[in-house]
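# got a predicted structure here, sequence first:
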Amino acid sequence: MAPAIGRLLALSGALRAALIAWGEAQDALLAVRYTDVDYAVFTDAARFVSAGASPYDRATYRYSPLLAWALLPNVLLTRVWGKVLFSAADILAGWQIWRLAALRGATPARAWWAVVAWLYNPFTATISTRGSCDSLVTVLLLGVLLALAAGRRGRAAVLYGLAVHLRLYPILYAPGIVLHLAHARLARRAGADKQQARAAHGRRGPARRPRWACWAAAVAAEGAAFGGLSGAVFVALGGACFALYGRPFVAEAFLHHLGRRDPRHSFSPYYYPAYLAFMPWQGPGGGGAAAGAVGDVALAPGSAAGAAAGLGGPAAALVAALPRVDAGRWAFAPQAALTLAFAGALARDQPRCWLLTTVAFVALNSVSTAQYFVWYFSLLPLVVVQLPWPPPRGLAAAGAAWVVAQLHWLAWAYALEFRGAGVHLALWGAGVLFLLANVACMWAVLDATGSDGGGGRGGRGAARAKSRAA
């Protein structure tokens, strides 16, 4: 390991240790806690496991039992164990990003900055020290990329199966991985055919199959091999957990995430329709649904619902007369379409394929919170290292728009959460603007890097940068 990278990783470890210590002090002294609420859930689940019970005896624990087992030292040794574990995963991810950047042809300086972009991003530096477990899945997924780059499909499949067991969202990458492996298979076959042609000295060889038939055979073979092994790992882990904890494991670790509906505010463009669908509206005659609650959020009945939703009298009456439609139930349709489109176009460049797929999935999900951004923050440096510097104007403008749109949304969220203002409609509008900013970022990345999936530096942005330099 280069000495500069070693010092960079060590300094990031010291930074995270300081943040963990700060968090403990803040939790003890201030009303606003530093530690994420989910960390208490993890610790409680580990406490149930240590007592010989099920982690699902803890309400709202909706993760694999492996996480509760990994956090047993929270109960047996120290409550900060999990934060240390997640922070160590953060640092390991930094090393993986350095290796992947080098494999993608980045200069040492660019690889160094790629590591800085991950380890010293204020968001990623705090999320693991607050007690979020997403860095564990990040390490597994970066391990998959390293294994694919080294041609070790078996290792990639095992890591991938484990990652999907821990969090379901990596299933998005399956089409791209299979097409990537099919590309590699066809490239090897083409090389072998050339060698056979040279050895034949002009003699006519066997008839070639149509290209589509070669593609179908390659996809089927690689899908069976990679999907079979990764699926076996997923099923084996799931079967073992089901044998121990039964239906609660399946319901909480998997089914809950597939059918999750949440009317609480988030970046999702589906949040406001979901909020209205859950609201207990009261019609003109005074009748209506009784007040209800979703999760731990009580919903106001009657005329208060209109004010809470940010609607005036006539608008509230109109919404009350409309049928309740949960548009988030159809979120999977555009997500699936974009996943397949990016897989088909960018399969040869897996980091770029994964980045755009994840941004699209998070932006269009029925529930989208800032914690989900870490899913693609580890992939962003791997794409940035192949962009021209300074970046194309369109990409820089899209990145600035993303930051401004997020701050705009946060301003409305602050008014709702801390001031109790009825700004749900304005907050939803800010979320739609944030969605458009995400679309602009995806478009700008494709414009700057090209859409051929080859993984090389290029695209219209790069060509324009070269022409300006000339």
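Ah, there it is.

# host element of the spatially most central residue of the chain?
Among the residues of the chain, the one closest to the centroid is W375, at 3.0 Å (Cα atoms, centre = their mean). W375 is part of helix 374-377 when elements are defined by DSSP states H and E.

# list the helices and strands the helix or strand just after that helix packs on?
Once the chain leaves helix 374-377, the next helix or strand it forms, by DSSP H and E, is helix 380-384. Taking 3 or more Cβ pairs under 8 Å, 6 or more residues apart in numbering; DSSP states H and E as contact, the helices and strands that helix 380-384 lies on are helix 81-103, helix 108-119, helix 350-363. In short, each C-beta sits where N, CA and C put it, glycine included.

# point out the most buried one among these.
helix 350-363 (a mean of 25; mean count of other Cβ atoms under 10 Å).

# what's the closest of the helices and strands packed on helix 380-384 to A184?
A184 sits nearest to helix 350-363 of all the helices and strands packed on helix 380-384, at 10.9 Å, using Cβ to Cβ.

# pLDDT on the closest one, on average?
Confidence over helix 350-363, taken as the mean pLDDT, stands at 96.

# quick check: S230 touching V164?
Yes. Proximity of S230 to V164 meets the contact threshold set by Cβ atoms under 8 Å, at 7.3 Å.

# and the two? Which one has more around it.
S230 (27 against 24; other Cβ atoms under 10 Å).

# and that one, how close does it get to L255?
According to Cβ to Cβ, to the nearest Å, S230 stands 21 Å off from L255.

# one more: F278?
Summarising the geometry, the distance separating F278 from L255, computed by Cβ to Cβ, is 20 Å.

# ok, those two, which is more surrounded?
Taking neighbours as other Cβ under 10 Å, F278 and L255 compare with F278 leading, 19 against 13.

# which elements pack onto the longest helix along the chain?
With secondary structure taken from DSSP state H, the chain has its longest helix at helix 211-245. Using 3+ Cβ pairs under 8 Å, 6+ apart as the contact criterion, the neighbours of helix 211-245 among helices and strands are helix 65-70, helix 153-166, helix 174-200, helix 247-250.

# show me what counts as buried in it.
Neighbour-count burial for helix 211-245, with 16 or more other Cβ atoms under 10 Å as criterion, is recorded at 214-215, 218-219, 222-223, 225-227, 229-231, 233-234, 237-238, 241-242, 245.

# point out where this protein drops to low pLDDT.
Residue ranges of the chain with pLDDT under 70: 1-3, 190-209, 259-263, 279-329, 451-470.

# what residues are up against L119?
L119 makes contacts with 8-9, 12, 90-91, 94, 125, as judged by Cβ atoms under 8 Å, 6 or more residues apart in numbering.

# excluding chain neighbours, what is closest to G399?
Beyond its immediate neighbours in the sequence, the residue positioned closest to G399 (Cβ to Cβ, 6 or more residues apart in numbering) is C441, lying 6.5 Å away.

# which strand or helix spans that neighbour?
Secondary-structure element containing C441, defined by DSSP H and E: helix 424-449.

# got the buried residues for that helix?
Here helix 424-449 shows 424-431, 433-435, 437-438, 440-442, 444-449 as buried, counting by 16+ other Cβ under 10 Å.

# again, but for stretch 30-39
Neighbour-count burial for stretch 30-39, counted by 16+ other Cβ under 10 Å, picks out 34-36, 38-39.

# could you do stretch 142-156 as well?
Of all the residues in stretch 142-156, those buried under the rule 16+ other Cβ under 10 Å are 142-148, 153, 155-156.

# got it, and stretch 43-62?
Applying a neighbour-count criterion of 16+ other Cβ under 10 Å, one finds 43-50, 54-56, 58, 61-62 buried in stretch 43-62.

# count of residues packed around A14?
Close neighbours of A14, defined as other Cβ under 10 Å, add up to 9.

# ok, it to W112 distance?
From A14 across to W112, the span is 18 Å (Cβ to Cβ).

# do F278 as well
Look at F278 and W112: by Cβ to Cβ, they are 48 Å apart.

# cool, and S50?
Relative to W112, S50 is positioned 42 Å away (Cβ to Cβ).

# cool, and V235?
Note on V235: its distance to W112, by Cβ to Cβ, is 41 Å.

# before we move on, the earlier item: tell me the contacts of the residue nearest to the centre of the chain?
Residues counted as contacts of W375 (Cβ under 8 Å, 6+ apart) are 134, 138, 169, 358, 362.

# make it 10 Å
The neighbourhood of W375, defined by Cβ atoms under 10 Å, 6 or more residues apart in numbering, consists of 134, 137-138, 141, 167, 169-170, 172, 354-355, 358-359, 361-362.

# with L244 instead?
When contacts are counted by Cβ under 10 Å, 6+ apart, L244 touches 49, 54-55, 65.

# so which of those residues comes closest to H183?
Proximity to H183 was ranked across the contacts of L244 by Cβ to Cβ; first place goes to P65, at 36.9 Å.

# how many residues are close by the closest one?
Neighbour count of P65, defined by other Cβ under 10 Å: 22.

# before we move on, the earlier item: so which of the helices and strands packed on helix 211-245 is the most packed in?
With neighbours taken as mean count of other Cβ under 10 Å, the helices and strands packed on helix 211-245 reach their highest mean count in helix 153-166, at a mean of 22.

# CA atoms of that one as PDB?
The C-alpha coordinates for helix 153-166 follow below in PDB (Å, rounded to 0.1, in the frame of the first residue of the first chain):
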ATOM      1  CA  ARG A 153     -16.700 -14.900 -10.800                       C
ATOM      2  CA  GLY A 154     -17.100 -17.400  -8.000                       C
ATOM      3  CA  ARG A 155     -15.900 -14.900  -5.300                       C
ATOM      4  CA  ALA A 156     -18.100 -12.200  -6.800                       C
ATOM      5  CA  ALA A 157     -21.200 -14.400  -6.700                       C
ATOM      6  CA  VAL A 158     -20.700 -15.400  -3.100                       C
ATOM      7  CA  LEU A 159     -20.200 -11.800  -2.000                       C
ATOM      8  CA  TYR A 160     -23.200 -10.700  -4.000                       C
ATOM      9  CA  GLY A 161     -25.400 -13.400  -2.500                       C
ATOM     10  CA  LEU A 162     -24.400 -12.200   1.000                       C
ATOM     11  CA  ALA A 163     -25.000  -8.600   0.100                       C
ATOM     12  CA  VAL A 164     -28.500  -9.200  -1.200                       C
ATOM     13  CA  HIS A 165     -29.200 -11.200   2.000                       C
ATOM     14  CA  LEU A 166     -28.200  -8.200   4.200                       C
END
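
# and the angle from that helix to helix 211-245?
Here helix 153-166 runs at 50 degrees with respect to helix 211-245, directions being taken by axes from the mean of the first three to the mean of the last three Cα atoms, to 10 degrees.

# and helix 153-166, what does it pack against?
Based on contacts counted as 3 or more Cβ pairs under 10 Å, 6 or more residues apart in numbering; DSSP states H and E, the elements that helix 153-166 packs against are helix 65-70, helix 134-149, helix 174-200, helix 211-245.

# out of those helices, nearest to L19?
helix 134-149 (13.4 Å).

# just the C-alpha atoms of the closest one, please, in PDB.
Extracted C-alpha coordinates of helix 134-149, given in PDB (Å, rounded to 0.1, in the frame of the first residue of the first chain):
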ATOM      1  CA  ASP A 134     -25.000   0.400   5.300                       C
ATOM      2  CA  SER A 135     -21.200   0.500   5.200                       C
ATOM      3  CA  LEU A 136     -21.100  -3.300   5.600                       C
ATOM      4  CA  VAL A 137     -23.100  -3.800   2.400                       C
ATOM      5  CA  THR A 138     -20.900  -1.200   0.700                       C
ATOM      6  CA  VAL A 139     -17.800  -3.200   1.500                       C
ATOM      7  CA  LEU A 140     -19.400  -6.400   0.100                       C
ATOM      8  CA  LEU A 141     -20.500  -4.600  -3.100                       C
ATOM      9  CA  LEU A 142     -17.100  -3.000  -3.700                       C
ATOM     10  CA  GLY A 143     -15.700  -6.500  -3.100                       C
ATOM     11  CA  VAL A 144     -18.000  -7.800  -5.900                       C
ATOM     12  CA  LEU A 145     -16.500  -5.100  -8.300                       C
ATOM     13  CA  LEU A 146     -13.000  -6.100  -7.400                       C
ATOM     14  CA  ALA A 147     -13.700  -9.700  -7.900                       C
ATOM     15  CA  LEU A 148     -15.300  -9.000 -11.300                       C
ATOM     16  CA  ALA A 149     -12.300  -6.900 -12.300                       C
END
